[in-house]
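S.K.: this is a predicted model, with the sequence first.
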Amino acid sequence: SYSFCTLLQRITVLQAPETMDYTRQQMCGHKDFSLRTYTGNWREDVAREGDRMRNYLLKRSSGELTSQKVQQRMAKALQSITLTPQHSDGLLRFGDIIMIQSAETRGALSLDAETASLGRPGNVDVSVSEGCLPMARSVWVLMKAKDTNMEFYKKNKEQDIVHYGQQLRIVNKIMGESNLSIASEPQGPNTCLRGNKTGIERSEVTACVAGALETIWVIHPAEVSWKVESEGYPVKTGDIVAFKSIKTNSYLSCEQGKKSNTFGFEHEVSTFHHKDQVTKQECRYIGARNTWGIICAEAGAEFIPLDTGREKTAIERVRAKILERAGNLGFKGLTRSLRVMDDDGNRKLSRREFKEGLKVYGVHLNVQELDAVFNNFDRDGDGAISVGEFVRTIRGPMNARRLELVMMAYERIDTDKSGMVSFAELKAIYGKNLPQHPDVISGAKTEKEVLLDFISCWDKSGDGNVTPQEFQEYYNDISVNIDNDDYFELMIRNAWHMSGGEGWCENTSCRRVLVIHMDDSQTVEEIENDLGIGPDDIDKMKEKLISQGITDIKAIKLTF
């Protein structure tokens, strides 16, 4: 005799293969199903397990497993980075890739992008590592913040140099999707650390993507008595300094206590003023936990610049959208785009106008992308984008044809072929015309002052010499205002008396003279590349014509 369940099982086996096969528990109506049975059909359960395995193998082969992603992020955080070599003057500059080393533990200020801050979930953890090796998580870049003394620094050509007392941001450009800035906020229920021994509360330091006043810091010397005297002086690499938070009015501190994070146990970081002396009046030095060393590579060391690609992508997005709106109208279309953004009509774009204008064009940028794009447009760093800066950034550098013409002009004035045009070379070319300059005639300027003013168009460094890069930079600004390549060629050839060109690009500024030959025949000849030959210098004109192969010269007439 068979039980009812056994009979049902035997009948099921004799049925066609496509008939659904149920488990013993299901057929008996038992309430306790097997935990491995999800769909009610054991064949479907087996198929589901196979699908899960195939999905697992597919994710593993493409590197999409959670464990693989963690390993990739860890490898990125620990990858070796080259620091910026020390500059010849020993000064620290904005944009230098540096490490910030604690004087207390000799560890490096580091980022843990995997650990979110408990008090502020949008922020990530900052700590001081045990070692001091240049890795992606432990290298930083100092970036400019709005500062009242910026105009003074620009006037002295020190806008790229970091100064004591200057407001700045401490940024890591590698670890996050966007730049991560060191931030500190006043103590609160979720933003304070409690010391292990003293119980003194300190403000937690984290890193965030966006941020305002909480991400602004000021560099002070380690010796308090020099804080006022040193303000405005350049910071040198290797200096022992203190970073003071504008928001909390306290110094960046490496705590004695440690905390667990992705990389093990590392020292906590806070903002708290540790003093060497009991009273504030007697305190001469800031405590060791508040002092940090700025580390860069040795002078002349090999350097590989950072290239995260994020800033470049944002700039390309902006360029593409503005060019799309400008259409085929060239310079006119681009200036019209600027007028659309220019709310106050001063032919310059402030940061606010630029941001709102990009929103109208459908380009939305985060804070770091906006900083990168605005700074890329604002070439002179005056906080506003002029028409020339706007058009030049959108159009980009000169094309190959224009660049070749510019370098041909540079070779014409580099008479000694040294690779640099000196004051003496330009004086030899233009010296004969200086006495006829209106300012020289009126006595307002000397010939030397007039020539120095002329050179200053290209000589941005102020050393009296013009390098190929300075010459190219000057014509990059000229180039953006000229839509047509042929017209640009004509302008260059005529300005520097360069013979040649075809069609309407042909030079028209080189002098033409009437040559009377020995047989009394007459021809009109061009004095090729006549830059530096005065209007009455007949002897040099003859020499030039002879070098061109015209040797039977009886006389030259300048008018005909």
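M.R.: The structure has been received and is ready for your questions. Numbering: from 1, shown residues only.
S.K.: can you tell me what sits against stretch 424-438?
M.R.: Counting contacts by Cβ atoms under 8 Å, 6 or more residues apart in numbering, the residues outside stretch 424-438 that touch it are 413-416, 440-441, 445, 447, 450-451, 454-455, 466, 531-532, 534, 537. Every residue, glycine included, has its C-beta placed from N, CA and C.
S.K.: what about that stretch, how long is it end to end?
M.R.: Stretch 424-438 stretches 22 Å from its first residue to its last (Cα to Cα, to the nearest Å).
S.K.: residue 259 sits in which helix or strand?
M.R.: Residue 259 belongs to strand 252-261 when elements are defined using DSSP states H and E.
S.K.: return the list of helices and strands in contact with that strand.
M.R.: The elements that strand 252-261 packs onto, with contact taken as 3 or more Cβ pairs under 8 Å, 6 or more residues apart in numbering; DSSP states H and E, are strand 109-116, strand 124-128, strand 201-208, strand 240-245, strand 264-271.
S.K.: pairing partners for that strand, with directions?
M.R.: Neighbouring strands of strand 252-261 in its sheet, by DSSP bridges, are strand 264-271 (antiparallel).
S.K.: tilt between the partner strand and strand 124-128?
M.R.: Comparing the axes of strand 264-271 and strand 124-128 via axes from the mean of the first three to the mean of the last three Cα atoms, to 10 degrees yields an angle of 100 degrees.
S.K.: output the below-cut-off pLDDT ranges for the stretch 51-200 of the chain.
M.R.: 117-121, 176-177, 187-200 (pLDDT under 70).
S.K.: with the stretch 301-450 of the chain instead?
M.R.: 301-312, 325-335, 366-368, 381, 432.
S.K.: all helices for it, in order.
M.R.: Here the stretch 301-450 of the chain has its helices, by DSSP state H, counting those that start in this stretch, at 310-326, 330-341, 351-360, 367-377, 387-395, 400-413, 423-430, 438-442, 447-455.
S.K.: which residues touch the last one?
M.R.: Right, the one you point to is helix 447-455. 423, 426-427, 430-431, 434-435, 437, 439-440, 445, 464, 466.
S.K.: residues contacting residue 160?
M.R.: 93, 94, 95.
S.K.: any chance of the residues you listed in a markdown table, with neighbour count too?
M.R.: Formatted as a markdown table, those follow (neighbours: other Cβ atoms under 10 Å):
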| residue | neighbour count |
| --- | --- |
| 93 | 19 |
| 94 | 15 |
| 95 | 16 |
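S.K.: ok, so of these, who is nearest residue 46?
M.R.: residue 95 (60.1 Å; Cβ to Cβ).
S.K.: my read: the closest one touches residue 140, true?
M.R.: No: the pair residue 95 and residue 140 does not pass the contact test of Cβ atoms under 8 Å, sitting 11.1 Å apart.
S.K.: for this protein, which helix is longest?
M.R.: For the chain, the longest helix by residue count, based on DSSP state H, is helix 42-62.
S.K.: show residues contacting the next helix or strand after that one.
M.R.: Of the helices and strands lying after helix 42-62 in sequence (DSSP H and E), the nearest is helix 66-78. Outside of helix 66-78, the residues within contact range by Cβ under 8 Å, 6+ apart are 60, 63, 111-114, 135-137, 174-175, 262-263.
S.K.: please list only the buried members of those.
M.R.: 111, 112, 113, 114, 135, 136, 137, 174, 175, 262, 263 (16 or more other Cβ atoms under 10 Å).
S.K.: and these as CSV, adding distance to residue 374?
M.R.: CSV is the format used below for these (distance: Cβ to Cβ, whole Å):
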residue, distance to residue 374
111, 25
112, 30
113, 25
114, 31
135, 30
136, 26
137, 27
174, 21
175, 23
262, 34
263, 35
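S.K.: perfect, that will be all.
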